[in-house]
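**Student:** this is a predicted model, with the sequence first.
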Amino acid sequence: MADTTDNRVSAEGIAEAASKAGKKGLPPVHLWNPPFCGDLDMRIAADGTWFYQGTPIGRPAMARLFSTVLKREGDKHFLVTPVEKVGIQVDDAPFVAVDAEILPDRITFTTNVGDQVIADADNPIILRGDGTEPRPYVHVRRGLEALIDRKTFYRLAAAADEGPEGRSGVRSSGMFFPLEP
């Protein structure tokens, strides 16, 4: 990925702006449409690890901070502030669902960056892939998804029951989510 064409744009600048904007919850990135400033050498690997200039970001709080200003437009991902937007690379989904609280009427996922999301009509569990290699995701926010990790998917499968059309799945918030194609 090419470095940004604007030398003033940096991960540190984005982090500072995100910190200021996120004092009271998630910043309203869906309302921000700043000019594109180029690509930043930042990547989110398929396992949820954030990299900056090829080096893993070792501070979870820093990855969390960046995640709050992540925006998706079509198939592209950006870090945005009110005044700048930089492209980053995302190998699969930007987040990984690493745990779930499975109750009879609700499933609450926790992501690798600390987001919690209840599976419902707005945040569905989505199954991609095929019967031999299912790829389960849950919608987190504004078009951003989390890949459900293997151990959490196995826990969902253990809690599954039969639903419409004889398909195995789980229920949350009055919805049925199939866990098989």
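**Tutor:** Now that the structure is in, tell me what you want to look at. Numbering: from 1, shown residues only.
**Student:** give me phi/psi at the residue nearest the centre of the chain?
**Tutor:** With distances taken as C-alpha atoms, centre = their mean, residue 95 lies nearest the centre of the chain, 3.3 Å away. The phi and psi values for residue 95, taken as degrees, to the nearest 10, are phi -130, psi 160.
**Student:** just use 40 as the starting number from now, easier for me
**Tutor:** Got it, first residue is 40 now, which makes that one residue 134.
**Student:** give the bridge partners for it, please.
**Tutor:** When assigned by DSSP bridges, residue 134 has beta-bridge partners residue 185.
**Student:** pull the contacting residues for it.
**Tutor:** Counting by C-beta atoms under 8 Å, 6 or more residues apart in numbering, residue 134 touches 87, 106, 150-152, 154, 179, 183-186. For the C-beta atoms, the positions are set from N, CA and C on the backbone; glycine is no exception.
**Student:** from residue 105, how far off is it?
**Tutor:** Distance check for residue 134 against residue 105: by C-beta to C-beta, to the nearest Å, it reads 12 Å.
**Student:** how about stretch 73-82: buried residues?
**Tutor:** With burial defined by 16 or more other C-beta atoms under 10 Å, the residues of stretch 73-82 counted as buried are 75-82.
**Student:** all helices for this protein, in order.
**Tutor:** 50-60, 99-106, 189-198 (DSSP state H).
**Student:** ranked by average pLDDT, which of the ones you listed falls at the bottom?
**Tutor:** Among the helices of the chain, helix 50-60 carries the lowest mean pLDDT, a mean of 62.
**Student:** least confident secondary structure element in the protein?
**Tutor:** helix 50-60 (a mean of 62; mean pLDDT, DSSP states H and E).
**Student:** least confident pick among the buried residues of stretch 73-82?
**Tutor:** For pLDDT, the smallest value among the buried residues of stretch 73-82 belongs to residue 76: 92.
**Student:** that one contacts residue 119, correct?
**Tutor:** No. Using C-beta atoms under 8 Å, residue 76 and residue 119 do not qualify as a contacting pair, with a distance of 9.9 Å.
**Student:** any residues in contact with both of the two?
**Tutor:** residue 125.
**Student:** which ones are touching residue 190?
**Tutor:** Residues counted as contacts of residue 190 (C-beta under 8 Å, 6+ apart): none.
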